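Student: dropping a prediction and its sequence here:
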Amino acid sequence: MNKELMEALDILEKEKEISKETLFDAIENSLMTACKNHFGKADNIKVEIDRDTCDFLCYAEKEVVESVDDVEDDCLQITLEDAQKISKKAKLGDMLHVEIKSKEFGRIATQNAKNVILQKIREEERSVIYNQYFEKEKDVVTGIVQRYVGRNISINLGKTDAILNESEQVKGENFKPTERIKVYILEVKNTPKGPRILVSRTHPELVKRLFETEVTEIKDGTVEIMSIAREAGSRTKMAVRSNNPNVDAVGACVGLNGARVNSIVDELRGEKIDIINWDDNPGNLIQNALSPAKIVAVFADPDEKTAKVVVPDYQLSLAIGKEGQNARLAARLTGYKIDIKSETQAKDAPGFRYEDYVYDEEGYEDEEYDEAYEGEEVAEAGAEE
């Protein structure tokens, strides 16, 4: 038994996750390459490796001819006299297996054989890493900050490095080398130099995956994340729905004393997270999405995906948010283009009847109110995604 070779293969299989069968194939190919370099051809050469003992045999198939004068190619033929030294049963015309001693190979042939094995190991190592991280594409992993490469950041994921481009970094976030952070794998590319992994800290799915990891009810399907809108580094709005009437979707995400949501906020460096209840009624959903602002009236048009909202005068700035952020995120979350008016602005519109538009759970649909809105200047609108 070739114990040294067996131990080397065991170590490679364990550390680099390369199967022994692949390594055996690489060794066989390397010996074939060495034979070709040594003899000039390898058409009649066979290599056999015992998978259990790692003992290998390299031999050439040669035809037995009568005398030296009959030998046209000593790589393919052998005299009867020489053949009988190997096997007394050898006869003219037989195909004899002549063992080749690998120790006879020259330095160049040996070096080439070594390079074949190393190249195969590198290729398999890249393939293993690519497959491993390709399975994790669109998922969250923990990495260690290595260094800044220009304005990009190199993140070590364990067996390989990933690139956090400047465009995928949250403004204001600064990392120090050796710092552990969570990143979202955007894309895994297979390149000649090995897998290239692109990660993100700004993608909305990062927040979603963090909640799936932190909240058991989301992982097992009891609570479902229906929609998410994010302005990285500032605020995220997330709509959730419970598939179990006994489970409060928002409460499950927040956790006891805010423990669950706070751990995610800490990971996102203080980014605010608003969690709201999903509702199939567009009016209710828009009211929830504009929280913490109070809503007086809503008119939602499911066909046009537009909504007109009335809020108390003192709530107008809260509903719109700083630089329109609250309305903008609500628009992205619901998929509706949202126009917001204060009560005073709405009452000044011709044909407006306040009592017809006090918010209730049935939603709103009134042509006169819609016409009253037409052509009026809106205080501020949530941006359409």
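Tutor: Yes, it's here. In this text, all values refer to a predicted model and were calculated from it rather than measured experimentally.
Student: okay, CA-based contacts and neighbour counts for the rest of this
Tutor: OK.
Student: in this protein, which strand is the longest?
Tutor: Longest strand in the chain, counting residues (DSSP state E): strand 180-191.
Student: which other helices and strands contact that one?
Tutor: Applying 3 or more Cα pairs under 8 Å, 6 or more residues apart in numbering; DSSP states H and E, one finds that strand 180-191 contacts helix 107-134, strand 140-149, strand 194-200, helix 204-214.
Student: got JSON lines for these, with mean neighbour count too?
Tutor: Putting these into JSON lines (neighbours: other Cα atoms under 10 Å) gives the following:
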{"stretch": "helix 107-134", "mean neighbour count": "17"}
{"stretch": "strand 140-149", "mean neighbour count": "17"}
{"stretch": "strand 194-200", "mean neighbour count": "21"}
{"stretch": "helix 204-214", "mean neighbour count": "20"}
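Student: out of the ones you listed, which gets nearest to Pro302?
Tutor: helix 204-214 (24.7 Å; Cα to Cα).
Student: now the closest one, how far from the centre of its chain.
Tutor: The chain centre lies 13 Å from the centre of helix 204-214; the measure is Cα atoms, centre = their mean, to the nearest Å.
Student: Leu318 and Ala293 touch, don't they?
Tutor: Yes - applying Cα atoms under 8 Å, one finds Leu318 in contact with Ala293, separated by 5.7 Å.
Student: ok, back up a step: kindly present the helices and strands packed on strand 180-191 as a markdown table, with separate columns for distance to Asp301 and mean pLDDT.
Tutor: As requested, these are exported to a markdown table (distance: least, Cα to Cα, whole Å; pLDDT from 0 to 100):
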| stretch | distance to Asp301 | mean pLDDT |
| --- | --- | --- |
| helix 107-134 | 41 | 83 |
| strand 140-149 | 37 | 93 |
| strand 194-200 | 35 | 92 |
| helix 204-214 | 26 | 94 |
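Student: redo those as TSV? Include distance to Gly270.
Tutor: Output for the helices and strands packed on strand 180-191, formatted as TSV (distance: least, Cα to Cα, whole Å):
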stretch	distance to Gly270
helix 107-134	29
strand 140-149	18
strand 194-200	17
helix 204-214	13
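Student: so, low pLDDT: which residues of the stretch 151-300 of the chain?
Tutor: When residues are selected by pLDDT under 70, none of them lie in the stretch 151-300 of the chain.
Student: if we use 90, what do you get?
Tutor: For the stretch 151-300 of the chain, the stretches flagged by pLDDT under 90 are 158-159, 172-174, 190-195, 291-292, 296-300.
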